[in-house]
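[1] how would this look folded up:
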Amino acid sequence: MRLLRLFYVVLLMLLAHNVMAQTTMVAVAANMKDAFGEIATAFKSTGKPDMRVVYGSSGNFTAQILNGAPFNLLIAADEHFPLQLYKNGKTIDEGTVYAIGKLALIAKTTSGIHLLESQTEIAKVIVKANKVAIAKPELAPYGRAAVEYLKAEGLWDLAKDKLVYGDNIGVATTYVMTGAADMGFTALSLAKSSDVAKETSYVLVNPKSYEPIKQRMVLLKGAPPEAVDLYRFMQSPQAKSILQKYGYATP
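    The predicted structure follows:
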């Protein structure tokens, strides 16, 4: 009887392993959540199987992949992390830039803060705000861009003691939506999403004050055909049209 139970345990483990092996695992930067959700739906409508999609920070995904996480495709928020994986021999090649992101400043609608694009007006609202949310710059490219912007515009000293950090841009955006911070930096794609737009207003910040956010994707070694197909679909006119709708520029 014990041998029979052991047999079933081993069988279940093997089946679970096979299911995991057959499921395409995609790591997607948090700023891409709404846009990629629509792209994934379009991709699946072509007859492709389900994928397992995980959203988070590009830095965390890179660390996980370097430590053996079984992702097949990384759709990152910058170039640094995908190229780091390439240099470490984890990817098929250097991948490709699929989008160029834009940084936006959002404010909670009920905070009484009214956003205007000028540096002087942004300085005033930073002074007024209780907290300013950004993603952790060491993990999230949009957080790094926010720090670059604040320093370039001479706003760092006003903001630095008010900053609250999220592990990724989605978390930082949630801080503003829930009122944990009056305002914060996010991706334009998230600022334009319906859920965020219900709770916040936004302005684009000066794009000359931060390095262009070139978003790169890479296929990991051993990626299954479904991952390769998705990689190619991300470069299709249909996917580019969706990305542009969410505020991205496309190559």
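
[2] tell me the SS of Ala104?
    Three-state call for Ala104 (DSSP: H, G, I helix; E, B strand; the rest coil): strand.

[3] what residue ranges in the stretch 1-150 of the chain are flagged as low confidence?
    Residues of the stretch 1-150 of the chain meeting the criterion pLDDT under 70: 1-22.

[4] can you give me the helices in it?
    2-22, 33-44, 58-66, 80-87, 119-128, 141-152 (DSSP state H, counting those that start in this stretch).

[5] Name the residues of the third one that come out as buried.
    So the one you mean is helix 58-66. With burial defined by 16 or more other C-beta atoms under 10 Å, the residues of helix 58-66 counted as buried are 58-62, 64-65. Bear in mind the C-beta positions are built from the backbone N, C-alpha and C, glycine included.

[6] Closest one to Gly143 out of the residues you listed, please.
    If you rank the buried residues of helix 58-66 by distance to Gly143 using C-beta to C-beta, Gly59 comes first, at 9.4 Å.

[7] Around Pro49, count how many other residues there are.
    Burial of Pro49 is recorded as 10 neighbouring residues (other C-beta atoms under 10 Å).

[8] who touches the closest residue to Thr46 other than its chain neighbours in this structure?
    Excluding the flanking residues, the one nearest Thr46 by C-beta to C-beta, 6 or more residues apart in numbering is Phe233, at 7.6 Å. Counting by C-beta atoms under 8 Å, 6 or more residues apart in numbering, Phe233 touches 39, 42-43, 46, 239.

[9] So Phe233 versus Ser58, what's the distance?
    Relative to Ser58, Phe233 is positioned 20 Å away (C-beta to C-beta, to the nearest Å).

[10] can you pull the contacts of Ile92?
    218-221, 223.

[11] what do you get if the cut-off is 6 Å, keeping everything else the same?
    Each residue near Ile92 by C-beta atoms under 6 Å, 6 or more residues apart in numbering is listed here: 219, 221.

[12] For the remainder of this discussion, apply numbering that starts at 579.
    Understood, numbering begins at 579; the last thing we discussed is Ile670.

[13] which element is the closest residue to Val774 other than its chain neighbours on?
    Distance criterion C-beta to C-beta, 6+ apart; nearest residue to Val774, sequence neighbours excluded, is Leu768 at 5.5 Å. Assigned by DSSP states H and E, Leu768 belongs to helix 766-769.

[14] elements contacting that helix?
    Packing partners of helix 766-769 (3 or more C-beta pairs under 6 Å, 6 or more residues apart in numbering; DSSP states H and E): strand 681-686.

[15] again, 10 Å this time
    Judged by 3 or more C-beta pairs under 10 Å, 6 or more residues apart in numbering; DSSP states H and E, helix 766-769 is in contact with helix 611-622, strand 674-679, strand 681-686, helix 719-730, helix 747-756, helix 772-777, strand 778-782.

[16] Just give the strands next to the shortest one in its sheet, each with its orientation.
    Translated: strand 778-782. Sheet pairing of strand 778-782 (DSSP bridges) gives strand 681-686 (antiparallel).

[17] CA atoms only: put the strand it pairs with into CSV for me.
    In CSV, the C-alpha atoms belonging to strand 681-686 read as follows (Å, rounded to 0.1, in the frame of the first residue of the first chain):
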residue,chain,number,x,y,z
LEU,A,681,7.5,58.9,-18.0
ALA,A,682,4.4,60.6,-16.6
LEU,A,683,3.5,62.3,-13.3
ILE,A,684,0.2,61.4,-11.7
ALA,A,685,-1.7,62.9,-8.8
LYS,A,686,-4.6,61.4,-6.8
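
[18] Quick one: work out the angle between that strand and helix 697-706.
    Between strand 681-686 and helix 697-706, the angle comes out at 50 degrees (axes from the mean of the first three to the mean of the last three C-alpha atoms, to 10 degrees).
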